[in-house]
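# Let's see this in three dimensions:
(one chain, ligands or ions: 1)
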Amino acid sequence: MVDAINFDARSRLFVLRTDRSFYAMRVLAHGELVHVGFGAVAAATMALDNLDQYEEPNYVWENQGRRWEYPTFGDVTTHDVALTTVFPQTATALRDDEAAHLPVRDLRLRYVSHEISTDDEPGLAAQHGRSPVLPRPVLCITLRDIGYAFIARLYYRVTPELDIFERWVELENTTDMPVTLEALAFATVHLPTDRYELRRSAGAWGREFVGVTQELHQGVTPLRQRGLNTGHNANPCFLIHPKGQIGPENGTAYFGMMAFSGNWCLRFEVLPTDAVRIHGGYEDSHFAMTLNPSQTHRTPAFIFGVGEDGTNGASRRLHTWMHRYVLPQSAHGPLRPVLYNGWESVYFDMSMEKQLQLARTAAAMGVELFCVDDGWFSGRRSERAALGDWTVDRSIFPQGLTPLITEVRRLGMRFGLWVEPEMVNPDSDLYRTHPDWVLHFPGRPRTQMRHQLILDFGRRDVVEAIYAMLDTLLAENDITFFKWDMNRYVTEAGSAVEEEIWYRHVQGVYGIMDRLLKKYPRLDIQSCSGGGGRVDAGILNRCVQVWTSDNTDAMDRVYIQDGFSLFYPPGCMESWVTHERNHQTGRAVDLEVRFDVAMRGVLGIGTNIDALPAEELENYRRKIAFYKRIRHIIQGGELHRLAEAQNGGASVWQSVSADRRESVYSVVVVQAMQGHHLPFYRLRNLIPDAIYRLTDEWDHELGNFSGGQLMALGMPGDQRHGHFTCSVRSRTVLLAAV
Ligand code: GLA
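Model prediction:
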C-alpha cells in the first residue's frame, strides 16, 4: 500500500498514486503549478524524487505552451483556458506609466499552500447524506493571483482501488469588487503526447448514447450541451485511446465524465506541439457568473482515470465507482425492483378502474413497484394543460390517490408517481396566477415545446413553491418513488439571475431533490428527461435509476444500452418490455427478444398487460421470475461487453458475480444474414477449474462446462449456423458453478 497523495518538499512535486496509475504536477520557481505526468503505471514502480526531470519545457512563446495545471486567461491567451476573470478595476492605484485599460482580463494564479485531508464534498454533486461515505484522500492546492486577492483552490480526490481521480475548483473572491467569470472549467487534464481517438456519445432523442469514434486533430474539438438538462445529443463523458490501439479488454484507455446536469462543455485541445489536454466545465457561450466580495463558488466534479484494460476496463472502473461512491443507497435494499409503468398502456386516458386493474395484473406477474405516469393531476387530459398544478385530479381519483395506493400496497407493491416539476403549461392555474414565473425575455416570444414553458429556478420563490407542492404530495401519500421528468429544451433563457440561470437551474433541481430525499428517506427518484436526457454523475448522486430512452424497440435499444454501459452501470439502467408492435418505431419484435434486452438492466414492464391473453401473461410471469433469479448478477455484477451491436452481428454481454461463481450471458443478434456465422463468444473472468451449469428461464439444463473451456472455446449453443437468422434472435443464460 503506497500513499495516495505525496508531496516532495525539495522538488515541490505532487504525485497522486492509485493502484495502477499516477498523476503528477509541480510548483515552479515563481509559484506556477504545472502538469508533469499522468499514466497507467503501477504505483510501486514510480519513484518520486526524479519526476521533475520530465517537466515539459516552456517552448512555445512565453508561457503559452506550458502545461498549466489550471490555465487561466492571462498566463495563456493563444490557447484555450480553464478560467477567464474580469476585474472592473485594478488591484493597485494607476501608475504614471499606466492608462486605464479597464476592465482587467488577466489572471495569473500562483501556489500559496496545500493541504491533505479526507473526503471533501465534490461541489454540486455533494452527497445528500444517504450514501455511505467511504473516506478517500483529498488534496487541496491553494493558488492566488499575483496582484488581486482572488483565490482558487484546486481539489483532487483519489480513489486508489479504482484508479479514479476527481477534481473540482473552489473560487473565492476576497477582493473588494465584484469579479465576473466568463469561463469556468472544473479541471484541465493533460494527456501524454500521442495520436488519439475519442469515443463519445452522439445521439438524439430516441437514440441516446449511440457512440462515434473520431480522431483528435490539431485544434479544439468541443462536446457541449447548451441546456438545462444533460442532453440527448451528447453526454458529458469520454473515452480516449491511442489511435487504433484499443480492444474490449486491452489497450490504454483514458476515460472521464462530469457530474453536472446542465450547461456543460468538454473541449479536447491538441496544440501545434501535439500536446493534448481536456478542459471540462460549464458551457461558456451564454455563461457568466459574478462573485461578489467574499463570495465563493465551488464547481461540480470532473472525474477521470486511466487503465490498460481496454474499453471494458474503463467501464468497470466507472461502474464500481458509481455503485460504491455515487449512487444513493435505497432504503429498500441494494436491488432495484421490477417496475410497472402504464404510460404506453393508457397515455392520457387515466381512470381509477384501469389503474386498479393494471395493478392487480402487474402484481400477479411479479411486479414490485407500480408507477402511475403522466395524467393523474388536476386538469391533465392531454399534454396541453395542467403542468404546474401538482394536486390530484378529483374527477379521476375522487378520494385522492389513497385508495389506489392502499390497493397497490395490499398487492405487495410499492407506489410511484410521475412528476415534471420544472415545467408549466400556459393553460394551468400556476401560470394564470404567476405568468412572470417562467424563463422569458420581456417583449419577446415565449416559445413553447410540447405546449410547455420552463419555470425560472433562478427565483427562490419559484423553487420554494415547487418544493412545497412535492412535499405535500409526499406528506399526504405513501409514495416511495418519483419519476422526475424534464421534457423540453430551453429557449429564451431570461431569468431573474440572468446568465447565471445555466447553473442555478441545476442547483435548484439538485436542491429540491436533496431536501426531499432527506425528509423522506424511503423515497427513490428516477431521472427522466424525454427519455435519457438527464443522465450524469451529478443526477446519479440523487437518483437510483434513470430512464434510458423513450425508444423501447428492443432492436434499437441494444445500441443504446451498449453506449450507456460504456460509462454508466446496468444497475441504474431502466429498460422496459413494451408492446409487440413498438409504439415508437412500429416494428414488431417478439417477446423473447424484448425480455432478453430489457433484462440487461433494471427490468420494467410498460405493456398494456390487461389486453394480453392468459398464455402471454404466463410468459411474462415466468420471465420476471427468471429475472429475479439473475438480477443480483446483472445489477451488481461486473460487466464484460463481448461484442457491441455497432460492430455488426450481435451485442453480447456477460455479467459476472463478485465471487465469479455466477454469470449471466446475454446475446442479442442485430444483424445476421443467412450464411452469416456468429462466433462462439469467449467468456471472461470465470474460475477456470470450476464447472458451470448452464440453464435458461425454464430451468432447462443446457450443459455443464468448465470455466476454462468457456473462456477458451466460448459459449456453446445455437448462435452458430444461422439459427439466429430464423427463429432465435436472442438468449439469456444463467451460469452457476456446481
Ligand atoms: C416523457 C417520458 C415518458 C412519459 C411522458 C409523459 O416523454 O420520457 O416516459 O413519462 O413524458 O408525458
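# Touching the lengthiest helix in the chain from outside, list them.
Taking DSSP state H as the criterion, the chain has its longest helix at helix 614-636. If you take C-beta atoms under 8 Å, 6 or more residues apart in numbering as the criterion, helix 614-636 is touched by 323, 334-336, 338, 361, 364-367, 570-571, 577, 591, 595, 599-603, 605, 607, 609, 612, 655-658, 662-664, 696-698, 732, 734. Placement of C-beta: from N, CA and C, glycine included.
# In strands only, show me the residues you listed.
Applying DSSP state E to these, the entries found in strands are 577, 602-603, 605, 655-656, 662-664, 732, 734.
# Go through the residues you listed and name the one nearest residue 83.
Nearest to residue 83 among those is residue 602, at 39.1 Å by C-beta to C-beta.
# list the contacts for the closest one?
Counting by C-beta under 8 Å, 6+ apart, residue 602 touches 336, 339, 545, 570-575, 635.
# Filter those down to the ones in helices?
residue 635.
# Closest residue of the stretch 201-350 of the chain to the ligand?
Nearest residue of the stretch 201-350 of the chain to the ligand: residue 343, at 4.7 Å (C-beta to the nearest ligand atom).
# Under a three-state scheme, what state does residue 557 occupy?
helix (DSSP: H, G, I helix; E, B strand; the rest coil).
# That one against residue 576, yeah?
No - shown here, residue 557 and residue 576 do not form a contact pair, counting by C-beta atoms under 8 Å, at 9.3 Å.
# Now list whatever residues contact both of those two.
What both residue 557 and residue 576 touch, as defined by C-beta under 8 Å, 6+ apart, is the set residue 598.
# In the longest helix of the chain, which of the residues would be classed as buried?
619-620, 622-624, 626-627, 630-636 (16 or more other C-beta atoms under 10 Å).
# so what's the residue of the stretch 201-350 of the chain closest to the ligand up against?
Contact analysis of residue 343 by C-beta under 8 Å, 6+ apart lists 373-374, 418, 606.
# Can you report phi and psi for it?
phi -50, psi -50 (degrees, to the nearest 10).
# Please apply the same query to residue 698.
Per degrees, to the nearest 10, the backbone of residue 698 is at phi -80, psi 0.
# which residue ranges form the helices in the stretch 351-500 of the chain?
352-365, 402-410, 429-433, 460-476 (DSSP state H, counting those that start in this stretch).
# Of all pairs in the contacts of residue 602, which one spans the longest distance?
Farthest pair in these, by C-beta to C-beta: 339 and 570, 14.9 Å.
# So for the two, which sits in the more crowded spot?
For residue 339 and residue 570, the more surrounded residue by other C-beta atoms under 10 Å is residue 339, and the numbers stand at 25 against 22.
# ok, the more buried one touching residue 367?
Yes - with contact defined as C-beta under 8 Å, residue 339 and residue 367 form a contacting pair (6.9 Å).
# Spell out which residues are contacts of both of the two.
residue 605.
# Report the contact partners of the residue positioned nearest the centre of the chain.
By C-alpha atoms, centre = their mean, the chain has its centre lying nearest to residue 536, at 2.0 Å. For residue 536, the contact set (C-beta under 8 Å, 6+ apart) comprises 230, 235-237, 257-261.
# roughly how far apart are it and the ligand?
In this structure, residue 536 and the ligand are 17 Å apart, going by C-beta to the nearest ligand atom, to the nearest Å.
# just residue 370 next, same as before
Distance from residue 370 to the ligand, by C-beta to the nearest ligand atom: 15 Å.
# wait, isn't that residue in contact with residue 340?
Yes - using C-beta under 8 Å as the test, residue 370 is close enough to residue 340 to be in contact (5.2 Å).
# Identify the contacts common to those two.
With C-beta under 8 Å, 6+ apart as the test, residue 370 and residue 340 both reach 358-359, 362, 413.
# which of the residues you listed tops the neighbour count?
residue 362 (28 neighbours).
# Now that residue. Nearest residue, chain neighbours left out?
residue 340 (4.0 Å; C-beta to C-beta, 6 or more residues apart in numbering).
# Check what pLDDT the one you found gets.
We have a pLDDT of 98 for residue 340.
# so it bridges to which residues?
Taking DSSP bridges, one finds residue 370, residue 605 as the beta-bridge partners of residue 340.
# Which single residue of the stretch 601-738 of the chain approaches the ligand most closely?
Nearest residue of the stretch 601-738 of the chain to the ligand (C-beta to the nearest ligand atom) works out as residue 606 at 8.4 Å.
# go on, the chain?
Counting by C-beta to the nearest ligand atom, the chain gets nearest the ligand through residue 374, at 3.5 Å.
# Much appreciated, bye for now.
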